[in-house]
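Enquirer: my questions concern the predicted model and sequence given below.
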Amino acid sequence: MPRKAHILIVDDDPDIRDTVQDYFELNGYDVSQADDGEAMAEVLAKRAADVVLMDLNLPGDDGLALTRKLRDTGNARIIMLTAAGDTVDRILGLEMGADDYVPKPFDLRELLARVKSVLRRYAEPEKRSIEIDQRPEMIRMGRCMLDLAAHRLFSADGTEIPLTSMEFDLLQAFARNPDRVLTRDRLLDIAHNKDADVFDRSIDVRMARIRRKIEIDPEKPQVLKTVRGAGYIFVSRAR
């Protein structure tokens, strides 16, 4: 029997924790709860989590601080639970390496879909190094190679470069549409932010993170270029 994915809910609202736990357990997941950073650490000491649903407004260490700790010490995927208007906190969370965010109040079906999407990205056993010439669907993107089949990014020497699920979605879109401008509306849709404002900086944050991974000089990008007033373009012949 396949192992059930372990979901950890970190939220100081017991009603939210209980509601999410009941719904996810009905859908076949193992679920644990924590109301602050200390309780989260106790849960993780006993069992690693596959996905952490992280509320940003917590007593003690807030969700941003805990996101940073998790990214520095573990491999759990992180989905932030944010208040609808917390744009700055959302951007900071993405900069710290969160995989996705869902604004409150959220629809449980959407939250479940986001969790499934993140889990799909990391369903295969992690491999830190690989012979990149031996893998299918390899797309050169600047100084890196993107493996579309494995959902992974590799440096020239074959070392894996960590990607969040949203970063992969954006890179895949560029790889499938070389030398074509992708508008901000299209990129927001790809990033599952269909209701976001076109001036939402989350796309710029993700693009900056991606550029630091694939560009030789992220301050002067040659691979993923900004098209002023339009969006971004993947220059497929750039090196």
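Expert: Perfect, I can see it now.

Enquirer: how far away is residue 149 from residue 187?
Expert: Distance from residue 149 to residue 187, counting by Cβ to Cβ, to the nearest Å: 23 Å. Placement of C-beta: from N, CA and C, glycine included.

Enquirer: higher neighbour count, those two?
Expert: With other Cβ atoms under 10 Å as the criterion, residue 149 and residue 187 differ in neighbour count, and residue 187 comes out ahead with 22 against 10.

Enquirer: spatially nearest residue to the spatially most central residue of the chain, not counting backbone neighbours?
Expert: Against the mean C-alpha coordinate of the chain, by Cα atoms, centre = their mean, the closest residue is residue 99 at 2.0 Å. Closest residue to residue 99 in three dimensions, ignoring its sequence neighbours and counting by Cβ to Cβ, 6 or more residues apart in numbering: residue 164, at 4.4 Å.

Enquirer: hang on, the one you found packs against residue 95?
Expert: No. Using Cβ atoms under 8 Å, residue 164 is not in contact with residue 95; the gap is 11.0 Å.

Enquirer: who's more crowded, the two?
Expert: Each of residue 164 and residue 95 had its neighbours counted (other Cβ under 10 Å), and the higher figure belongs to residue 164 (21 against 16).

Enquirer: for that one, give me its contacts.
Expert: For residue 164, the contact set (Cβ atoms under 8 Å, 6 or more residues apart in numbering) comprises 97, 98, 99, 100.

Enquirer: if we go to 10 Å?
Expert: By Cβ atoms under 10 Å, 6 or more residues apart in numbering, the residues touching residue 164 are 71, 77-78, 94, 97-100, 118, 121, 170, 206, 209-210.

Enquirer: pick out the lowest-pLDDT one from these.
Expert: Lowest-confidence member of these: residue 121, scoring 67 (pLDDT).

Enquirer: the host helix or strand of residue 203: which residues count as buried?
Expert: For residue 203, the host element (DSSP states H and E) is helix 202-214. Neighbour-count burial for helix 202-214, with 16 or more other Cβ atoms under 10 Å as criterion, is recorded at 202, 203, 205, 206, 207, 209, 210, 211, 213, 214.

Enquirer: may I see the buried residues of the following helix or strand past it?
Expert: Past helix 202-214, heading to the C-terminal end, the next element that is a helix or strand (DSSP H and E) is strand 224-227. The neighbour-count criterion (16+ other Cβ under 10 Å) identifies 224, 225 as the buried residues of strand 224-227.

Enquirer: mind checking how far the very next helix or strand once past strand 224-227 is from the chain centre?
Expert: Per DSSP H and E, the first helix or strand lying C-terminal to strand 224-227 is strand 231-234. Shown here is strand 231-234, whose average C-alpha point lies 20 Å from the average C-alpha point of the whole chain (Cα atoms, centre = their mean, to the nearest Å).

Enquirer: SS state for residue 28?
Expert: At residue 28 the chain is in coil, as set by DSSP: H, G, I helix; E, B strand; the rest coil.

Enquirer: for the closest residue to it other than its chain neighbours, phi and psi?
Expert: The shortest distance from residue 28 to any residue other than its chain neighbours is 6.4 Å, reached at residue 4 (Cβ to Cβ, 6+ apart). Its backbone dihedrals place residue 4 at phi -70, psi 140, with angles given as degrees, to the nearest 10.

Enquirer: cool, and residue 139?
Expert: According to degrees, to the nearest 10, the main-chain angles of residue 139 amount to phi -120, psi 120.
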